[in-house]
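Peer 1: sequence and predicted structure below; questions after.
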Amino acid sequence: MNSSTSVDIHQGRGRVGCNDLHSETVAGDHRELLETTKSLFAALLYWDSTVARPHIQSAPERELLCIFGTGDLGRSLGQRLLQTGYRVVYGSRRPHSCDPLPQGAQVMSHTEAAQLATVVIACVHREHYDFLEAAAPQLKGKVLVDVSNNSEKGLYPESNAEYLQSLLPEASVVKAFNTISAWSLQNGSSDAHRQVYLCGDSAEAKQAVRELATSLGLSVLDRGCLSAAREVEDFPLQLFPQWRLPLCLATGLTAFFFFYLLTRDVIYAYVEKDKDISFRIMVSLANKVFPIVSLIMLSLCYLPGVLAAFIQLYRGTKYRRFPDWLDRWMLCRKQLGLLALGLAFLHVLYTLLIPIRYYVRYKIAENVVSVIRENRTTVFDTTIAWRSDSYLSMGILGFALFVLLGITSLPSISNALSWREFSFVQSKLGHLTLFFCTLHTYLYGWDRFLRPSTYKWWTPPGYMLCLVVPSVVLVLKLLILLPCMDRSLGRIRQGWERRGPEGEGTKPLMA
Amino acid sequence: MNSSTSVDIHQGRGRVGCNDLHSETVAGDHRELLETTKSLFAALLYWDSTVARPHIQSAPERELLCIFGTGDLGRSLGQRLLQTGYRVVYGSRRPHSCDPLPQGAQVMSHTEAAQLATVVIACVHREHYDFLEAAAPQLKGKVLVDVSNNSEKGLYPESNAEYLQSLLPEASVVKAFNTISAWSLQNGSSDAHRQVYLCGDSAEAKQAVRELATSLGLSVLDRGCLSAAREVEDFPLQLFPQWRLPLCLATGLTAFFFFYLLTRDVIYAYVEKDKDISFRIMVSLANKVFPIVSLIMLSLCYLPGVLAAFIQLYRGTKYRRFPDWLDRWMLCRKQLGLLALGLAFLHVLYTLLIPIRYYVRYKIAENVVSVIRENRTTVFDTTIAWRSDSYLSMGILGFALFVLLGITSLPSISNALSWREFSFVQSKLGHLTLFFCTLHTYLYGWDRFLRPSTYKWWTPPGYMLCLVVPSVVLVLKLLILLPCMDRSLGRIRQGWERRGPEGEGTKPLMA
Amino acid sequence: MNSSTSVDIHQGRGRVGCNDLHSETVAGDHRELLETTKSLFAALLYWDSTVARPHIQSAPERELLCIFGTGDLGRSLGQRLLQTGYRVVYGSRRPHSCDPLPQGAQVMSHTEAAQLATVVIACVHREHYDFLEAAAPQLKGKVLVDVSNNSEKGLYPESNAEYLQSLLPEASVVKAFNTISAWSLQNGSSDAHRQVYLCGDSAEAKQAVRELATSLGLSVLDRGCLSAAREVEDFPLQLFPQWRLPLCLATGLTAFFFFYLLTRDVIYAYVEKDKDISFRIMVSLANKVFPIVSLIMLSLCYLPGVLAAFIQLYRGTKYRRFPDWLDRWMLCRKQLGLLALGLAFLHVLYTLLIPIRYYVRYKIAENVVSVIRENRTTVFDTTIAWRSDSYLSMGILGFALFVLLGITSLPSISNALSWREFSFVQSKLGHLTLFFCTLHTYLYGWDRFLRPSTYKWWTPPGYMLCLVVPSVVLVLKLLILLPCMDRSLGRIRQGWERRGPEGEGTKPLMA
């Protein structure tokens, strides 16, 4: 861009200079000198052309772009380019019989169109690349932007871009715009997907495309050489890759606890007491499964951090890589946490709806009736009041903090946070949340674990099972917080190593 | 920045070069030719230094900018520029009697200030453009940035920028920064509005301003020629244009159902049974109206998609434009959905508060009392338990999914999603949400539609009315999912056309 | 890249050019002139090639960068640079014994590495800067990027960057990348922290680093000269500076009202009625404290705006600065509002849980029982029904609007809004929210203020205290909305001043 201004001034200067010089060359008796100056003149002319041209074209308003293909993306891309002030010419196989194009754009054959522009955007399906080969000579030395995507992964041995490059070895192919949708280009709304991934082997070509994308108000991320094209082409096809593992885990746990509790509650009641309480599945059971899974997943999202700390303490250095499973685990902590939050949200809704349920209302009424009929007297137990109230409070506070965690993990928020702020929220508040939720569960259980009646068919109730992991995590975390542990861990994270010489090579670079 | 500075240097040099070169051309003989070549040397030397220098002079730190007008925006813009390292000089009508300016900035008259800088930012109200005409000669060939806004739309025949250009034809006017607020410039916080819309006829000028904005950490979106200025100037004045239609719809539906249910419930009870249950308006009625409207709007946000599919199937091509009403409808789907979510949220809150209501508590107590006094016995009905529980569960799951949809429609999230992920969430999960909510309503209705007592004054209850649209949408969607339909629709969306030759011209460019 | 590379090429060429040209100028006679022109010609040709080349050499792919230090950030930065296509060479004190580096990178001694690159990134702790001094000669005239951070604020008299510059006066030091974490560089995910703060004294150097960062897909914000380095270095250490004040306020208010209500409710009951209702602390008390503090903070976040308006009306101008306390207050309005929202959220959760509480269930049952035993008859009071229902509705609507406010204050949303839209939501909807919540509280109180029993120990209940501020704010706001006030305020905000001449100097620049 820099040059864009100096452009025509240069040119101007160039030409002026040339003219003057020309006039000189007429004067001047000395033939050699004449020759010299002539060649100097030539040099200047040549310079003028080489230096001047690239700059001119770098001016968006002036530059003419060629688009191959008049389909969705081709059209909307053209439209957007025209709006931004480029001149656009379409290359089509049937220039005269093709669909309505954005006004202001011309249509011609591939070869004609290619001749005019230095940047050619190929909005063509891979199946039709062969049409482009016809224009090979015109494309020689041109920047050829490949925007194609495949309908599914691994359809072809090599990426479309690399294939195109192999077809047109003399053009410099750049992969770009394939993550941008025609839709979001048309309604260039600020919340459209504006990240353009770029890769190609020629630096000039990439630079040209980067400037093109920037002037369209898109943000560019360079992914390196053309060999990265496969990756870039797979991006639009990916479907929540990082969510796979956490989702499987959540489904697995949910399924397990569902059947476990189904057996303990419904089936047990049916077999032993011959009572049909199957209706409980819809709410009561769900409201047991969800919180259990939620708590486990929340603790699973803080377990790796604690493990990592212990590994570092044991190794006495932070510079050895963690085992892969731990790395992978750490990378999906965010997803684990968000899924846990979702389940906690369900738990809250289910809980708040309890008093509306027909079953509950019936029970309460029945209870009151029985009290009167049997002329019983009920006494108010302060302990129970304390317990139930504090158990509810813990739940509320835990959930509120959990929601806060969820909010801060929104991209727009976490970007606004400094690294220290982010880790403060995610680590400190995170463990606090875990603590509240665990306490909430303990208070819920209270002294039930003493009563034998709890262990139907000698199985512990669900809430006990789900308390294992969180308790472990909290205990380990407490251990780490012990002064001695904390100090040495701190030193390790500062880059200190138990053995081996100290050089800045092994020094930490960020607190 | 580079260019904007290097401009006049080059120009300067250009002129110099031309002059001395020209002076030579008169001469003819040898000595003079020697002179010529020498001066040509000199010229080259000088030129050489100027080419080397731009990189130094291109320094933001060094460049001097001129700001006309010392008001809010003028000052905060100046302050920010000074922070970034520019030198700033203000042009004011009363250089000596104007308000405190950011320290480090000078103040002088318009003409003096304009002379110094190549980029002049006019932070002046349109009413005062005439003052600028005085500085016309100094502004000749300069970049003049117009940041002005009008207090309301269509106040003037042409945009401020175009008007300014007409006043100063020799300056190259660029419209920019008018969407940036003084406030957000001062506290340049990362969550301030950082999108700068740019338009102008000169490419160089725009380039200069783009670099200026970028170095201020703002993101630039080029809107093309100066004629786009009106649009850009209207932007800060717009008030949720895309929300108009959905909001009207929501209000209309709410009003209709409010009065409809008011008649059926309150007025009916008053007229027929002579009972005053007007107090129900506040909660019971609201809690009927909101979910009804919410469900209808949710279905309305998926109806156009289904219609579009059928139109494509009927036409056998995806390349003919949809009727305008459908296009407009499709463009406000997001808003429809979010409004529906808002109403659903209200519905949830109202529902969860039910058990706290005085009326409800009274009813329950009264009911129990009556049971005892009349010595009735109540029997527990498992079917009702099943029904009420599953009806609540459906509601909860539907709402949870709905919230998920809402979250993914946050700009920062949808940007992070690949196109496929986004459409998966919005389409698949969206229809699932619709299904849950519809089922929730059906279960709520249950067998009521059989009882004649439901049809007070021969009108159907609200929940029946609101079931029409969603049911239609779901049925149509199911039809589309039929293998045969699905296949041919898939082919059409791949670009296949029932008639007409196949060329890449009509090929799809994005799956 | 362009410039950063082309820089030294130009300079280099410049020097060459100057020298031979100079040597010529001594010569005078004809033959030499011939030589001159020839060499000039040669020079031009040479120059031509160098100027033509930059576009090739500017290739990120080709450029070689040097990184000092092989620790966390050094490695991940190198890895990312290699991905983007740069060539990377590490400078280490122990080139042969240092940790595994990203493949494709070379390692050598500092001096060797520094010689090769024009941009050197120092990923070294301040304690180890002295090692760099060894490479001083090689770093002469190079761009030296300092990414270091300190473990805590104010550890050293001057910023690391300035210290480094003082050690290596001949290198041009640029502070950058210190806000980027190694972690987010490795998993360059779109939601990583991508804001790079830049500062330095040399414009060229900064330009080079800016382009470097941009090509890594990071967004750059120029913070000016190297003296700004301290600020930039403090950024990663800061912990919610703007939240301090609001948080203190919230804690203070919460503490005060907690003890105030503890005395009025629990202690009072214990002393006067000798009843232990301490269990109420967990829920009942919390559910009184939170809404009270929430409402006060919400009103506190709209009070400064109203005050500002009155100050402007009194002064008759908008161009005089507000007192500092008001400025600071206005800057933390957002935080005040969000904290209030958090507390309101807690209030909602606590309220919705009421019917599940053991205490409440016991009371209700007991009440019913007593009704029957004492054979009382309860009558349904429509007024109470009206009151309780409308009090709940107000609460719901208030909370829903409050949530809406919270959502629109998300960075990603507020960025998408035009300034007018944003202020509409935050001001209009904000005051509406305040109105609903205040009304909600008034309806809650209803006629209680008449009963002497309310004033235990002659103290007013909490809800009365918390009504003071909101009521004041609303009354003042109403005053401002009076036509007369509104008109003159509008004129002032348009830039009109009661006294003093009118010039565009004092004109507003943004409606």
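Peer 2: That came through fine.
Peer 1: how close does A:Val143 get to A:Val119?
Peer 2: Plainly put, A:Val143 is 5 Å away from A:Val119 if you go by C-beta to C-beta, to the nearest Å. For glycine as for every other residue, the C-beta is placed from the backbone atoms N, C-alpha and C.
Peer 1: so for those two, which sits in the more crowded spot?
Peer 2: A:Val143 (24 against 21; other C-beta atoms under 10 Å in any protein chain shown).
Peer 1: for that one, name its beta-bridge partners.
Peer 2: A:Val143 forms beta bridges with A:Val119, A:Ser172, as assigned by DSSP bridges.
Peer 1: endpoints of stretch A:139-151, how far apart?
Peer 2: Terminal residues of stretch A:139-151 lie 27 Å apart, using C-alpha to C-alpha, to the nearest Å.
Peer 1: contacts only, for A:Thr459.
Peer 2: A:Tyr260, A:Thr263, A:Arg264 (C-beta atoms under 8 Å, 6 or more residues apart in numbering or on different chains).
Peer 1: pretty sure the last one contacts A:Lys456?
Peer 2: Right, the one you point to is A:Arg264. Yes: between A:Arg264 and A:Lys456 there is a contact under C-beta atoms under 8 Å: 5.3 Å.
Peer 1: before we move on, the earlier item: I'd like to know which of the contacts of A:Thr459 are buried.
Peer 2: A:Tyr260, A:Arg264 (16 or more other C-beta atoms under 10 Å in any protein chain shown).
Peer 1: restrict the contacts of A:Thr459 to contacts with chain C.
Peer 2: Judged by C-beta under 8 Å from any C-beta of the partner chain, the overlap between these and the neighbourhood of chain C is nil.
Peer 1: take the contacts of A:Thr459 and keep only those in helices.
Peer 2: A:Tyr260 (DSSP state H).
Peer 1: could you dump the contacts of A:Thr459 into JSON lines with pLDDT and distance to chain B added?
Peer 2: Shown next, in JSON lines, are the contacts of A:Thr459 (pLDDT from 0 to 100; distance: C-beta to the nearest C-beta, whole Å):
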{"residue": "A:Tyr260", "pLDDT": "95", "distance to chain B": "20"}
{"residue": "A:Thr263", "pLDDT": "92", "distance to chain B": "20"}
{"residue": "A:Arg264", "pLDDT": "90", "distance to chain B": "19"}
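Peer 1: go through the contacts of A:Thr459 and say which is closest to A:Thr382.
Peer 2: Set against A:Thr382, the nearest of the contacts of A:Thr459 by C-beta to C-beta is A:Arg264 (31.2 Å).
Peer 1: got the contact list for that closest one?
Peer 2: Contacts of A:Arg264 by C-beta under 8 Å, 6+ apart are A:Lys456, A:Trp457, A:Thr459, A:Pro461, A:Gly462.
Peer 1: possible to save these as JSON lines with distance to B:Gly104, pLDDT and secondary structure?
Peer 2: Output for the contacts of A:Arg264, formatted as JSON lines (distance: C-beta to C-beta, whole Å; pLDDT from 0 to 100; DSSP: H, G, I helix; E, B strand; the rest coil):
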{"residue": "A:Lys456", "distance to B:Gly104": "79", "pLDDT": "84", "secondary structure": "helix"}
{"residue": "A:Trp457", "distance to B:Gly104": "81", "pLDDT": "86", "secondary structure": "helix"}
{"residue": "A:Thr459", "distance to B:Gly104": "76", "pLDDT": "89", "secondary structure": "coil"}
{"residue": "A:Pro461", "distance to B:Gly104": "71", "pLDDT": "90", "secondary structure": "coil"}
{"residue": "A:Gly462", "distance to B:Gly104": "67", "pLDDT": "90", "secondary structure": "helix"}
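Peer 1: from chain A, which residue is nearest to chain C?
Peer 2: A:Ala203 (2.4 Å; C-beta to the nearest C-beta).
Peer 1: what's the neighbour count on A:Gly342?
Peer 2: Neighbours around A:Gly342, by other C-beta under 10 Å: 20.
Peer 1: show me the shaky parts of the stretch 151-300 of chain A.
Peer 2: Along the stretch 151-300 of chain A, the parts satisfying pLDDT under 70 run over A:183-184, A:186-193.
Peer 1: show me where it has its strands.
Peer 2: Using DSSP state E, counting those that start in this stretch, the strands of the stretch 151-300 of chain A run over A:172-175, A:195-200, A:219-222.
Peer 1: most tightly surrounded among these?
Peer 2: Comparing the strands of the stretch 151-300 of chain A by mean neighbour count (mean count of other C-beta atoms under 10 Å in any protein chain shown), strand A:172-175 ranks first with a mean of 28.
Peer 1: centre of the chain to that one, how far?
Peer 2: Strand A:172-175 sits 25 Å away from the centroid of its parent chain (C-alpha atoms, centre = their mean, to the nearest Å).
Peer 1: so which elements touch that strand?
Peer 2: strand A:143-146, helix A:160-167, strand A:195-200, helix A:203-215, helix A:229-234 (3 or more C-beta pairs under 8 Å, 6 or more residues apart in numbering or on different chains; DSSP states H and E).
Peer 1: comparing these, which comes out most buried?
Peer 2: Comparing the helices and strands packed on strand A:172-175 by mean count of other C-beta under 10 Å gives strand A:143-146 as most buried, with a mean of 29.
Peer 1: hmm, who's touching that strand?
Peer 2: So strand A:143-146 is contacted by A:118-122, A:160-161, A:164, A:168, A:171-178, A:202, A:204-205, A:208-209, A:212, A:229 (C-beta under 8 Å, 6+ apart).
Peer 1: residues from the stretch 151-300 of chain A in reach of chain C?
Peer 2: Within the stretch 151-300 of chain A, the positions adjacent to chain C are A:190-191, A:195, A:201-204, A:206-207, A:219-225, A:228 by C-beta under 8 Å from any C-beta.
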